[in-house]
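K.L.:
Sequence unavailable; structure follows:
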């Protein structure tokens, strides 16, 4: 079976979508199926990768996004789909690509749309209005998206709630983690009074990395002299670096090697995910797999992921996040690390791909 997945959230340094599609492609291939991924880029490409085929179509650069592009014209995409003749269509987008559901229906191809975020929260993050102001518009838009596709998949209950409000049926399929690559490792010896806090995220407005920098001051007032390492890049990096001057903050930029990401996450005492509208949060799950507890905003999807001694959730506020970090550090290291790893082991990628193949009516 040939499965084509069309996604918009793609950039040179995009993390979560690359990880997801690489894992799905590997799982589909091992089950005897083929994945073709279609994404936007600067120029056309057709690349054979170890996990499948990757076709790049010219896309429009999204201003202020840190290098992301979008497929805004459907015709080149539908022409490609006509040539590929997929058996199943997957779409990761609810804006410019939702018309692909109409193509699938006319072509007789079963279609699935993946919805990872709460759209009202995303719009609120980039406007002066709160989520409640956006909900009537979002509800109408979501209803129009849902009716175009045969199936809606949400990766978290957080994302599903926006669809449940309009009575839309969804399939809940959590994403996964590479438990072999992201695993507990021997950690560097550090002074006991210098815990290492790591943020691994795209540095953009909606991710709120500034909250992590401000949390350092609140930790210091509580007698916790933590160091912060920020891994990632994005349009907010320069602003964040100016803000961090004089504080114990190190910026390591985008880490292209997955092993380097695993080493950093495994070396941390706590991984901080302050984004108030964070979706599934693959970096947080990867941290848990490394045995590192996570502190996350309680308003985000990560509140579903971080349970028990595997971490803590708090309001997306520097003082509250600092309290949560101190709370986690007070748990004996062996206990919190064992709890983090045990939680991650509930999310192997093979479970995700098996569930999706079952929805596609294919054997895993």
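P.N.:
Alright, I've got the coordinates. These numbers were taken from a predicted model, which means no experiment stands behind them.
K.L.:
any idea how far residue 244 is from residue 318?
P.N.:
13 Å (Cβ to Cβ, to the nearest Å). Backbone N, C-alpha and C define where each C-beta goes, glycine included.
K.L.:
what about residue 57, how many residues close to it?
P.N.:
19 (other Cβ atoms under 10 Å).
K.L.:
Would you confirm that it contacts residue 71?
P.N.:
Yes - the criterion here is Cβ atoms under 8 Å, and residue 57 meets it with residue 71 at 6.0 Å.
K.L.:
so how far is stretch 142-152 from its chain's centroid?
P.N.:
Distance of stretch 142-152 from its chain centroid, counting by Cα atoms, centre = their mean, to the nearest Å, is 22 Å.
K.L.:
now stretch 195-203
P.N.:
Centre-to-centre, stretch 195-203 and its host chain are 15 Å apart (Cα atoms, centre = their mean).
K.L.:
what does stretch 18-38 give?
P.N.:
Relative to the chain's own centre, stretch 18-38 is displaced by 17 Å; criterion: Cα atoms, centre = their mean.
K.L.:
ok, now stretch 304-317?
P.N.:
17 Å.
K.L.:
cool, and stretch 222-241?
P.N.:
Relative to its chain's centre, stretch 222-241 lies at 19 Å (Cα atoms, centre = their mean).
K.L.:
And it, end to end?
P.N.:
24 Å (Cα to Cα, to the nearest Å).
K.L.:
Show me where this structure dips below the pLDDT cut-off.
P.N.:
Applying pLDDT under 70 to the chain picks out residues 12-15, 64-66, 186-193, 363-364.
K.L.:
how would you label residue 338: helix, strand or coil?
P.N.:
Assigned with DSSP: H, G, I helix; E, B strand; the rest coil, residue 338 falls in the helix class.
K.L.:
I'd guessed residue 236 sits against residue 201; true?
P.N.:
No - the criterion here is Cβ under 8 Å, and residue 236 misses it with residue 201 at 10.0 Å.
K.L.:
more crowded one of these two?
P.N.:
Neighbour tally, residue 236 and residue 201, criterion other Cβ under 10 Å: the higher count belongs to residue 201, 27 against 22.
K.L.:
give me every residue that touches that one.
P.N.:
207, 209, 231-232, 273, 275, 283 (Cβ atoms under 8 Å, 6 or more residues apart in numbering).
K.L.:
Thank you kindly, that will do.
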